[in-house]
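Visitor: What follows is a protein structure lacking sequence information:
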């Protein structure tokens, strides 16, 4: 019988990677958690916070010596890791990720992994985050009550036996971290998050950039906005570095969602003095009650 | 010397009116607070919560028997009260309000009040609120750290002596309730809140109504959005009844702000794959640090 997960490597110990280490510990994981980050100050922070037990000297060697490798980085960095790791890992390894878009990663997983003799790959995406990045913002409770999505696509082969075993164990750790697991087709995932995650982000960025132009020079005036303004602009702090990859790997779905919102705003604007405004408020009220 | 404020009437004991009663008590106001609401269940709730000491049988009679009358209602209801009260009050009365737009109310205040022999009128707007209405949501801490704006316009006469005295005392109660006081020209107020308060609201309504159409039928999918989605759609619960009056009394400034956002969104959409996206994120980041 394949042994239980005893050695996990987290590649990328920023907000999500370090939070996963902390959450695994809180959930009772007693094996080793090794970490690595291209920015050594991030892995040091994760070590100090107890999110990892040790910092890997060489990430590829550490991957070969681990059972499960968690890729916690922006989408293109994850795709790079996948290309580097696929040739050096074997069928007793399992790779999973936390990437924000899933069509390209899921396709690469089936191409580079999930074949006889190769490591297994399970594409994942926890729907949790913050507007700030870095290990210093990590929290073991970040995933409480969040949805953790796993994706497949139409080219998905059945997982190999070792990979199947590790994948099933990883799913149960995800649940112990406080998440609800949701399985989705990778393309459906990308369409859905375009509406419920990417649209709110790009909208908040556009609103916040606009307000910086209009009232940004007068902090005493922005204070007037109160809680509503703070909330609607919180995501304005989000880092470009992460969202660039999302914009590049889910462009069409995001553009369609933004375009639909432009039209909706024009509709509201044209109806500020008509009873149609009531319908808009009522439809919005329904969503919040749903 | 004019006596201190000992008898305050709150006309409209919903969220803001009842919260003001609670906040006055917390701040140490020991005089009488009388309340009235067109919906008797709201004044009963305010009474039970300790926001008011008694419910007025007749609001006009109660106004004549009070020193300060606080109009806590949507904008058009405030304008109606002003027309009803001006002829029956005298120069030892002071009227103030919590209305969301200020140009029309400030102008009406100077036309109907603030004349020799007439009651004084001080136009006010506390920048605090919730997405839910009603006395049951009232809180004595609602105004902590909020900005409470007072407005004048180019036709403002000097306040009469009694009104001046009451106004100055009311300003000091507002500060004791935990607010910073900000004096603004009424037109400048309406322009400013179009950006920092009305735009976030109409935007959230448009986004939330759109999401109801796109993903509203599948609650398990909206759960995927997490905190970011909850925040960006919270204002989607706001009641049409209040926002209708705002849309009708600040139409041009709101339409201009919405239109500017439509253009900004189109700019983001057209630049999802270009370096210009970085500039948008950086400009948004600056606002949040400002």
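Guide: Now that the structure is in, tell me what you want to look at. In this text the structure is predicted, and so the values were computed from the model without any measurement.

Visitor: Can you give the domain ranges for chain A?
Guide: Annotated domains of chain A cover A:7-184, A:189-289 [automatic domain parsing].

Visitor: okay if I get those as a markdown table plus distance to chain B, mean pLDDT and mean neighbour count?
Guide: Just so you know, the C-beta spots here come from the backbone N, C-alpha and C atoms, and that holds for glycine as well. Listed next are the domains of chain A as a markdown table, based on distance: least, CB to the nearest CB, whole Å; pLDDT from 0 to 100; neighbours: other CB atoms under 10 Å in any protein chain shown:
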| stretch | distance to chain B | mean pLDDT | mean neighbour count |
| --- | --- | --- | --- |
| domain A:7-184 | 5 | 96 | 20 |
| domain A:189-289 | 3 | 93 | 20 |
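
Visitor: can you pull out the strands in the stretch 1-150 of chain A?
Guide: Applying DSSP state E, counting those that start in this stretch to the stretch 1-150 of chain A gives strands spanning A:7-11, A:32-36, A:54-55, A:68-71, A:94-97, A:120-126, A:147-152.

Visitor: what are the pairing partners of the shortest one, and which direction each?
Guide: When you say that, I think you mean strand A:54-55. strand A:32-36 (parallel) (DSSP bridges).

Visitor: So which residues make contact with the partner strand?
Guide: A:6-13, A:17-18, A:21, A:24-25, A:43, A:46-47, A:51-56, A:59, A:62, A:66 (CB atoms under 8 Å, 6 or more residues apart in numbering or on different chains).

Visitor: gap between it and the chain center?
Guide: Averaging C-alpha positions (CA atoms, centre = their mean, to the nearest Å) puts strand A:32-36 19 Å from its chain's average.

Visitor: what do you get for stretch A:22-30?
Guide: That offset, for stretch A:22-30, works out to 19 Å (CA atoms, centre = their mean).

Visitor: Pull the residues that contact it.
Guide: Contacting residues not belonging to stretch A:22-30 are listed as A:5, A:8, A:33, A:49-51, A:138-143, A:173, A:176-178 [CB under 8 Å, 6+ apart].

Visitor: Need the distance between the two termini of that stretch.
Guide: One end of stretch A:22-30 sits 12 Å from the other (CA to CA, to the nearest Å).

Visitor: With stretch A:221-236 instead?
Guide: Across stretch A:221-236, first to last residue, CA to CA, it's 18 Å.

Visitor: what does stretch A:172-181 give?
Guide: Chord length of stretch A:172-181, first to last residue, is 9 Å (CA to CA).

Visitor: same deal with stretch A:19-33?
Guide: End to end - CA to CA - stretch A:19-33 spans 12 Å.

Visitor: repeat for stretch A:235-252
Guide: Stretch A:235-252 has its terminal residues 21 Å apart, counting by CA to CA.

Visitor: that older thread, in helices, which of the contacts of strand A:32-36 fall?
Guide: Under the assignment DSSP state H, the contacts of strand A:32-36 contribute A:17-18, A:21, A:24-25, A:43, A:46-47, A:59, A:62 to helices.

Visitor: Setting the sequence-adjacent residues aside, check what's closest to residue A:269.
Guide: Leaving out its chain neighbours, the residue that sits closest to residue A:269 by CB to CB, 6 or more residues apart in numbering or on different chains is residue B:258, at 4.3 Å.

Visitor: how about the strands of the stretch 1-150 of chain A in a markdown table, adding distance to residue A:277?
Guide: A markdown table is the format used below for those (distance: least, CB to CB, whole Å):
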| stretch | distance to residue A:277 |
| --- | --- |
| strand A:7-11 | 49 |
| strand A:32-36 | 52 |
| strand A:54-55 | 57 |
| strand A:68-71 | 47 |
| strand A:94-97 | 44 |
| strand A:120-126 | 37 |
| strand A:147-152 | 33 |
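
Visitor: Go ahead and confirm residue A:162 touches residue A:118.
Guide: No - shown here, residue A:162 and residue A:118 do not form a contact pair, counting by CB atoms under 8 Å, at 10.7 Å.

Visitor: ok so residue A:213 is a helix residue?
Guide: Yes - assessed by DSSP: H, G, I helix; E, B strand; the rest coil, residue A:213 belongs to a helix.

Visitor: That one against residue B:284, yeah?
Guide: No - between residue A:213 and residue B:284 there is no contact under CB under 8 Å: 10.4 Å.

Visitor: what do these two both touch?
Guide: Contacts common to residue A:213 and residue B:284, judged by CB under 8 Å, 6+ apart, are absent.

Visitor: Tell me where the stretch 101-250 of chain A has helices.
Guide: In the stretch 101-250 of chain A, the helices defined using DSSP state H, counting those that start in this stretch lie at A:103-112, A:161-176, A:186-193, A:199-215, A:219-222, A:226-234, A:240-249.

Visitor: quick one on the thing from earlier: need the max-distance pair from the ones in helices among the contacts of strand A:32-36.
Guide: Farthest apart among the ones in helices among the contacts of strand A:32-36 by CB to CB are A:25 and A:59. That separation is 21.1 Å.

Visitor: contacting residues for residue A:132?
Guide: Residues in contact with residue A:132 (CB under 8 Å, 6+ apart) are A:15, A:237.

Visitor: re earlier: for the helices of the stretch 101-250 of chain A, could you give me CSV that also reports distance to residue B:112?
Guide: Shown next, in CSV, are these (distance: least, CB to CB, whole Å):
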stretch, distance to residue B:112
helix A:103-112, 63
helix A:161-176, 64
helix A:186-193, 54
helix A:199-215, 32
helix A:219-222, 29
helix A:226-234, 29
helix A:240-249, 52
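
Visitor: nearest to residue A:122, of those?
Guide: Of all the helices of the stretch 101-250 of chain A, helix A:161-176 sits nearest to residue A:122, with 4.7 Å by CB to CB.

Visitor: what's the first-to-last distance across stretch A:117-129?
Guide: Note: stretch A:117-129 ends 35 Å apart using CA to CA.

Visitor: er, stretch A:212-229 I mean
Guide: For stretch A:212-229, the first-to-last residue distance is 12 Å (CA to CA).

Visitor: just stretch A:136-147 next, same as before
Guide: Termini of stretch A:136-147 sit 23 Å apart (CA to CA).

Visitor: Stretch A:24-37 now?
Guide: Counting by CA to CA, you get 18 Å between the two ends of stretch A:24-37.

Visitor: Next: stretch A:94-111.
Guide: 15 Å.

Visitor: Repeat that for stretch A:4-13.
Guide: For stretch A:4-13, the separation between the terminal residues is 23 Å (CA to CA).
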